[in-house]
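A.B. asks: return a 3D structure for these sequence lines:
(chains A and B)
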Amino acid sequence: MIEFIDVVKSYSVGNKALRGVSMQIEDGEFVFLVGPSGSGKSTIIKLITGELRPTSGSVHVNGYSLERIRKREVPYLRRTVGVVFQDFRLIDTKTVYENVAFAMRVIGAGEREIRERVPYVLDLVGLDTKSRRHPNELSGGEQQRLAIARALVNNPSMIIADEPTGNLDPARSLEIMTLLQEINNLGTTVLVVTHEMDLVQRFAKRVIAIDEGLVISDGMDGRYYENE
Amino acid sequence: MRMNNFGYLLKEGIRGIFLHGFMSFAAVCVTVACLLIVGSFSCLIYNVNLMVEDLNKTNEILVYVDSSLSDAEAKSVGTKLNQLENVHQAKFVSREQALEDFIKDHQDDEAFSGVEAADLRHRFVVVLEDNSLMEQTDEQIRQIPGVAKTRAEYELAEGFTTIQNVLHIASIAIIAVLLVVSLLIISNTVKLALYDRKDEIAIMKMVGATDGFIRLPFVVEGFALGMMGAAVAFGLEWVLYDTLVLKIEELDSLRLFTFVPFDELLVPMVITFCAAGLFVGVVGSWTSIRKFLDV
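C.D. replies: The predicted model follows:
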């Protein structure tokens, strides 16, 4: 579960990225976070993943209070949140299999566990036949599916996708969104940050709109309010 | 950390060396160059120090025994001399031996042709442990019954002591500066190598890797590269030292310079190079990675 209570985040005096954001995302929900560039979306993601701390207010993510989380607890918070980025952030020197297995090794999984789980997740995202390839041998859509597989492999309770379709053509974008929906159907909370309003409307989920550091609308079924 | 993870991280560290071959090569080269400079300078300083020490040892106190003493009594003064703390060795020179030496030194000088053994005194050539204490030891020698007179070159001894002290301080200062400069250069090279991999580190952080998990492969890599650099530098130092000593000895027909063989420096050099390689590799990578862990 994600809970923001009156969260303010300032980078410097007078420059507030968030100006009192309150919102709650329950376990198992599928939520779109929309808003123009500079509205505060990235700050929200960074607060959720423990990259930043709020200036004031409270942020609770999967049982961790981010305003007072210890530095050594942050890796454990991140293991409960799978993150997918627009630029995939894959390790080019590792194979598809190794990119996913690597995320399991990080949390201390054993070889046997890795050998069982990685093929399952690669199959889930449709990359089971490409496990020996390297990321640069994959298409953009495949690279994003690999990034999703890596985010999923440790069975996090939540997936956060930051502009996951930003580098993909419309057909591949639809594929990725469908995959995220399937993951949500399996019980994982999904938070998608996007600019692509046609996808938001097509999937008709809860939409939180943010602008100038404030939540300006929180609607269901793909409905949201846009500032003029 | 589980054992299977530990094995994996060790493997990753070794793999990293080959995967980032150019940066690894650069780090080893810089380590070799720096250790070679520090090592060569240390060898030079060590040899110069030994040469000065040897020269200093030639500075002795000449102790003349009272001429009224019998031969046996004169020799017994040596026991008392050898009991003094700062005396390394007191060598008895009989008046006959002293005459022989005197004649050898003045054989072309007719003015001394009539000198006989009876004109001279039995004496002791006293070599000291520490020449900086020459004056105090000379004072103690004069208190010994049977000692008629002493001859000691305080100024020469002080000169040698000053040269040794200055050399000692200068060498420590220069080696320290060279070490610091070397560490900075090597640390920067490690930083560059890590900068090359900052994205990889950011991904590790993002998927929930602890700082220890991220650090270990880099530290293993740093350790291996540091030891490689130390081994290569040691080998080159050995070859360079032996070649230079051989060349100098060929040119030095007067035997003005004496160098210790490298075998004598082997153990301290191995220990120093390994310690420096280890320190540079492990501490360099440990501290350099800190900056990239704040993600």
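A.B. asks: pLDDT weak spots in chain A?
C.D. replies: The model of chain A has pLDDT under 70 over residues A:13-14, A:221-228.
A.B. asks: where does residue B:113 land on pLDDT?
C.D. replies: Looking at residue B:113, its pLDDT is 68.
A.B. asks: what's the answer for the one 5 residues further on, then?
C.D. replies: Model confidence at residue B:118, given as pLDDT, is 75.
A.B. asks: skip the chain neighbours and tell me the closest residue to it.
C.D. replies: Excluding the flanking residues, the one nearest residue B:118 by Cβ to Cβ, 6 or more residues apart in numbering or on different chains is residue B:95, at 7.2 Å. All C-beta atoms are positioned from the backbone trio N, CA, C, and that covers glycine.
A.B. asks: surely residue B:135 and residue B:154 touch.
C.D. replies: Yes. Using Cβ atoms under 8 Å, residue B:135 is in contact with residue B:154, at 5.5 Å.
A.B. asks: residues in contact with the residue nearest to residue B:118?
C.D. replies: Contact partners of residue B:95, counting by Cβ atoms under 8 Å, 6 or more residues apart in numbering or on different chains, are B:117, B:118, B:120, B:121, B:122, B:123.
A.B. asks: could those residues go into CSV alongside neighbour count and secondary structure?
C.D. replies: Shown next, in CSV, are the contacts of residue B:95 (neighbours: other Cβ atoms under 10 Å in any protein chain shown; DSSP: H, G, I helix; E, B strand; the rest coil):
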residue, neighbour count, secondary structure
B:117, 14, helix
B:118, 10, helix
B:120, 19, coil
B:121, 19, coil
B:122, 26, coil
B:123, 23, strand
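A.B. asks: show me what contacts residue 74?
C.D. replies: All of this is about chain A. Taking Cβ under 8 Å, 6+ apart as the criterion, residue A:74 is in contact with residue A:50.
A.B. asks: my question was about chain B, not that one.
C.D. replies: Per Cβ under 8 Å, 6+ apart, neighbours of residue B:74: B:65, B:66, B:92, B:122, B:146.
A.B. asks: and the residue nearest the centre of the chain?
C.D. replies: In the absence of a named chain, this looks at chain A. Residue closest to the average C-alpha location in chain A (Cα atoms, centre = their mean): residue A:160, at 1.3 Å.
A.B. asks: can you look at chain B instead?
C.D. replies: Most central in chain B under Cα atoms, centre = their mean is residue B:46, positioned 3.7 Å from the mean C-alpha point.
A.B. asks: helix/strand/coil for the residue in the stretch 101-250 of chain B that chain A sits nearest to?
C.D. replies: Per Cβ to the nearest Cβ, residue B:208 is where the stretch 101-250 of chain B lies closest to chain A, at 3.8 Å. When classified by DSSP: H, G, I helix; E, B strand; the rest coil, residue B:208 comes out as coil.
A.B. asks: can you count the residues close to it?
C.D. replies: 23 (other Cβ atoms under 10 Å in any protein chain shown).
A.B. asks: residue boundaries of the strands in the chain?
C.D. replies: If you meant another chain, say so; for now it's chain A. Taking DSSP state E as the test, the strands found in chain A are A:2-12, A:15-25, A:30-34, A:56-61, A:64-65, A:81-85, A:158-162, A:189-194, A:206-211, A:214-219.
A.B. asks: chain B is the one I meant
C.D. replies: For chain B, strands defined by DSSP E occupy the ranges B:61-65, B:87-93, B:123-128, B:147-152.
A.B. asks: which one, of these, ends up nearest to residue B:268?
C.D. replies: With respect to residue B:268, and counting by Cβ to Cβ, the nearest of those is strand B:87-93 at 24.3 Å.
A.B. asks: partner strands of that closest one, with direction?
C.D. replies: Under the criterion DSSP bridges, strand B:87-93 sits next to strand B:123-128 (antiparallel) in its sheet.
A.B. asks: quick one: low-confidence parts of the stretch 151-295 of chain B?
C.D. replies: Looking at the stretch 151-295 of chain B by pLDDT under 70, you get B:186, B:190, B:193, B:254, B:294-295.
A.B. asks: the same query, at a cut-off of 80, please.
C.D. replies: Where the stretch 151-295 of chain B drops to pLDDT under 80, the residues are B:154-158, B:160-161, B:164, B:175, B:178-179, B:181-197, B:252-258, B:280, B:284-285, B:287-295.
A.B. asks: same thing with the stretch 1-150 of chain B?
C.D. replies: Ranges of the stretch 1-150 of chain B meeting pLDDT under 80: B:1-21, B:23, B:52-59, B:102-119, B:131-132.
A.B. asks: which stretches of it form helices?
C.D. replies: Counting by DSSP state H, counting those that start in this stretch, the stretch 1-150 of chain B has helices at residues B:3-19, B:21-57, B:71-83, B:95-105, B:134-143.
A.B. asks: OK, contacts around the spatially closest residue to residue B:210 that is not a sequence neighbour?
C.D. replies: Nearest non-adjacent residue to residue B:210, counting by Cβ to Cβ, 6+ apart: residue A:75, 4.8 Å away. Residues near residue A:75 by Cβ under 8 Å, 6+ apart: B:205, B:208, B:209, B:210, B:211.
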